[in-house]
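Colleague: Next input, structure requested:
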Amino acid sequence: MNEPTEISNDLTSSELNAALRAVLAAHIDDFSDLISCDRLSGGANQETYRIAIQTSGGAQRLLAMRRAAGGNAVQDEAIYVGLPTEARLFQIMREAAIPAPEVHHVLTSQDGLGDGFIMSWLSGETLGHKIVRAPEYEGIRSELAKQCGTILAKIHAIDLREKGLERRLSKTTPKELVATTWTRYKELDTPQPMIDYAGCWLEDNCPNQTRTCLVHNDFRNGNLMIDETGVIAVLDWEIAHIGDPMRDLGWLCTNSWRFGRSDLPVGGFGHYADLIAAYEAESGITINPIDIKFWEVFGSFWWAIGCLRMGQQYRDGPDRSVERPAISRRSSECQVDCMNLLTPGPVKLIEAQAGYCDNNLPPTSELLDSVAKFLLDDIAPVTDGRLAFLTKVASNSLQIIKREITLGHAAATQELMGLRALFKCDESLDALRWRLVIELRERKIPMDDRDLIEHLRSVTVNRLAIDQPKYSGLKTATQ
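Modeller: Next up, the predicted model:
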């Protein structure tokens with residue numbers, strides 16, 4: 001049997017495989033033996049495993065296991081529904097003819113595997129960048145926005161009381177969701193003025209919610225499995241709630257999930273008109289595009305804060321992988337997206353500065369380059385699965401450090417000068433960042449103040465140039 005070198009933080013490979021074998025024998029009718037269990041790449045909040053079994057008839061069969069990070073049940077019920085409820089949502093989707101995998105068993109404490117469930121394995125693509133570019137999906141891409149509109153209308157039509165979801169899911173209004181999300185950011189105790197600016201705008205522009213429905217809350221390219229026929233599964237229901245259905249449409253259109261195809265606002269594969277027309281045809285309900293924009297802004301605001309929380313979770317555990325701090329740096333992508341939606345206009349990038357280097361020694365940038373290249377060219381090709389994925393993440397993190405060295409000081413100096421001009425004082429950079437954040441929250445600075453807007457644009461865009469210069473929002477912001 002093939003054993004992966006490392007499966008999780010709480011169980012060794014042999015321990016996990018032993019427990020899993022017992023569960024499969026008890027709950028999969030044609031189970032004969034466990035062939036392999038491999039953790040897949042991605043999945044920062046939950047773990048996903050591909051399980052290969054031998055059946056009693058001698059054939060090989062694939063299953064999947066969805067499991068809490070480290071095997072520990074998520075304690076924050078204000079955000080996460082819990083894996084037993086996520087399993088129930090999959091069952092409800094299948095009952096409503098919405099594409100979803102079949103759930104075979106929901107794990108219990110007696111199973112020894114932690115919180116999770118075992119489901120059927122579906123063969124399809126979930127990698128967003130492949131969905132928007134791979135030639136094999138060229139024939140179906142133009143239909144995906146329509147399919148998503150139809151699927152979302154069906155999800156939003158599910159009878160909450162009949163399916164028992166009113167007892168399982170939290171309820172929230174747009175205003176409450178903005179406030180809760182903003183509070184979670186404030187608890188991180190890090191001054192990010194663009195996040196607070198977006199929070200002010202969202203607070204002032206909350207839509208008048210007319211419907212309350214089941215909301216997937218993470219319906220996007222990357223959580224949809226597709227093949228050459230279209231969407232074959234809607235995945236990752238871990239943060240579903242009861243609220244405004246337009247949240248799902250806006251999130252699907254958020255730039256983070258277009259995978260570089262900013263010209264196709266719906267998931268990087270389609271247009272607003274197709275999404276809206278399909279939704280209206282299935283539901284009989286007219287959509288106001290302004291509501292979609294609100295939820296697009298909220299989507300970037302929400303994910304900007306979600307990224308920052310990944311960094312905090314790295315510090316607190318239990319999953320201290322190299323992926324979490326790297327995701328945390330993606331907050332700047334979302335902040336630029338908020339900026340491009342709310343305060344569009346070109347920004348000039350700061351030029352790189354050469355750091356000090358002894359002529360007899362290679363500079364720090366070359367050391368970083370060499371290690372990043374080693375990880376990417378020598379280590380990643382000889383590994384597979386999650387380890388190969390994390391190797392690439394580590395290489396990217398080293399490139400961020402390199403850009404921090406060449407751009408960071410100049411960016412910080414420009415930010416400091418901008419803040420001192422804005423407040424007409426000579427306090428430190430950290431003190432002035434906090435002053436700006438507090439005055440935004442207390443509405444002491446007008447949202448349309450041109451000096452404020454120009455400062456926010458310059459700082460946010462140049463931060464992104466360090467964190468992820470290939471992100472599509474940077475091109476939008478500098479044109």
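
Colleague: Can you tell me which helix or strand of the protein has the lowest average pLDDT?
Modeller: One helix or strand of the chain scores below all others by mean pLDDT, DSSP states H and E: helix 364-373, with a mean of 86.

Colleague: which secondary structure elements does it contact?
Modeller: helix 385-423 (3 or more CB pairs under 8 Å, 6 or more residues apart in numbering; DSSP states H and E). Bear in mind the C-beta positions are built from the backbone N, C-alpha and C, glycine included.

Colleague: orientation of the least confident helix or strand of the chain relative to helix 385-423 in degrees?
Modeller: Interaxial angle, helix 364-373 versus helix 385-423 (axes from the mean of the first three to the mean of the last three CA atoms, to 10 degrees): 150 degrees.

Colleague: For helix 364-373, buried residues please.
Modeller: Buried positions in helix 364-373, judged by neighbour count with 16 or more other CB atoms under 10 Å: Ser365, Leu368, Ala372.

Colleague: Ok, stretch 102-117 next?
Modeller: Those would be Val103, His104, His105, Val106, Leu107, Asp111, Gly112, Leu113, Gly114, Asp115, Gly116, Phe117, for stretch 102-117 by 16+ other CB under 10 Å.

Colleague: what's the neighbour count on Lys348?
Modeller: Lys348: 10 surrounding residues under other CB atoms under 10 Å.

Colleague: what sits up against stretch 86-93?
Modeller: 66, 81, 99-103, 106, 117, 119, 155, 158, 163-165, 168, 234, 237-238, 240 (CB atoms under 8 Å, 6 or more residues apart in numbering).

Colleague: Not counting sequence-adjacent ones, nearest residue to the most centrally placed residue in the chain?
Modeller: Nearest to the geometric centre of the chain sits Trp303, at 6.5 Å (CA atoms, centre = their mean). Nearest non-adjacent residue to Trp303, counting by CB to CB, 6 or more residues apart in numbering: Cys334, 4.7 Å away.

Colleague: Give me the mean pLDDT for the strand or helix carrying that neighbour.
Modeller: Per DSSP states H and E: Cys334 is located in helix 331-342. Mean pLDDT, helix 331-342: 97.

Colleague: From the contact counts, what lies against it?
Modeller: Using 3+ CB pairs under 8 Å, 6+ apart: helix 331-342 touches helix 193-204, helix 289-316, helix 450-467, helix 472-478.

Colleague: quick one: contacts of that helix?
Modeller: With CB under 8 Å, 6+ apart, helix 331-342 has contacts from 192, 194-195, 197-198, 201, 254-256, 293, 296-297, 300-301, 303-305, 307-308, 456-457, 460-461, 463-464, 466-468, 471, 473-474, 476-477.

Colleague: ok, 6 Å please
Modeller: Helix 331-342 is contacted from outside by 194, 198, 201, 255, 297, 300-301, 303-304, 307-308, 457, 460, 463-464, 467-468, 471, 473, 476-477, using CB atoms under 6 Å, 6 or more residues apart in numbering.
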